[in-house]
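**Q** this is a predicted model, with the sequence first.
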Amino acid sequence: MTFRRSADIKASKAGRASARRLVAGALFAAAFLLPSAGYAERLTAVIPTQTIYPGETVDASRVEVVDVTNPDLADGYIRTLGEIDGKVTKRTLLPGRVILASALREQYAVERGSTVRLVFSNGGLTISAAGSPLQDAAVGELIRARNIDTGVIVSGTVMADGTVHVVAK
């Protein structure tokens, strides 16, 4: 009986050892054959190839996408070319430096001092007049504009076609 028990113990130890070898082999194969998590999450950054001054439009010919090698780089920088499409710089961008998202803005749809169409709509009533924006603004921004005929200052939302839709008080 003792002989039989020791044989059972040896068999169970051999089974555990082969199971460990199997698991270790699977982990080894997964580590080398499957892409690792670090490789799949490779970080990139967009950097200028030349100096870009404030007010200039950023386009793909003036920047390049590079791999991020500094793991301590703070978040808030542009990672893909799609994020800069049609954007304008707010400050000087230097070659080889990451572009911060806060350094870019949308293009202005209306500019201060230009002439725009002011439109007020309420139900079936629509009133339009010539106006002058008191500030630069992109599409969707709320701005103040002066009615050229009356001098009254109104607030409105800038639309994609360059008109300002006046909000009721």
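**A** That came in fine, so what should we check first? Residues are numbered from 1 along each chain as shown.

**Q** from here on, contacts and neighbour counts on C-alpha atoms
**A** Noted.

**Q** quick one: least confident helix or strand in the chain?
**A** Taking mean pLDDT, DSSP states H and E as the measure, the chain has helix 37-40 as its least confident helix or strand, at a mean of 48.

**Q** need the next SSE after that helix, C-terminal direction.
**A** On the C-terminal side of helix 37-40, the nearest following helix or strand under DSSP states H and E is strand 44-48.

**Q** quick check: next helix or strand after that next one?
**A** Once strand 44-48 ends, the next helix or strand along the chain (criterion: DSSP H and E) is strand 63-67.

**Q** just the strands in this structure please.
**A** 44-48, 63-67, 88-89, 104-105, 116-122, 125-133, 142-147, 153-158, 164-166 (DSSP state E).

**Q** could you measure from the spatially most central residue of the chain over to residue 120?
**A** The geometric centre of the chain, computed from its C-alpha atoms, lies nearest to residue 83 (CA atoms, centre = their mean), at 4.9 Å. To residue 120, residue 83 is 34 Å away according to CA to CA, to the nearest Å.

**Q** can you check residue 77 too?
**A** 40 Å.

**Q** likewise residue 44?
**A** Separation of residue 44 from residue 120 (CA to CA): 46 Å.

**Q** same check on residue 75?
**A** Applying CA to CA to residue 75 and residue 120 gives a distance of 42 Å.

**Q** so which of those two has more stuff around it?
**A** Neighbours per residue, other CA atoms under 10 Å: of residue 75 and residue 120, the larger number sits with residue 120, 16 against 9.

**Q** so who does the more buried one touch?
**A** 126, 127, 128, 165, 166, 167, 168 (CA atoms under 8 Å, 6 or more residues apart in numbering).

**Q** could you break the protein into its assigned domains?
**A** 37-105, 116-166 (automatic domain parsing).
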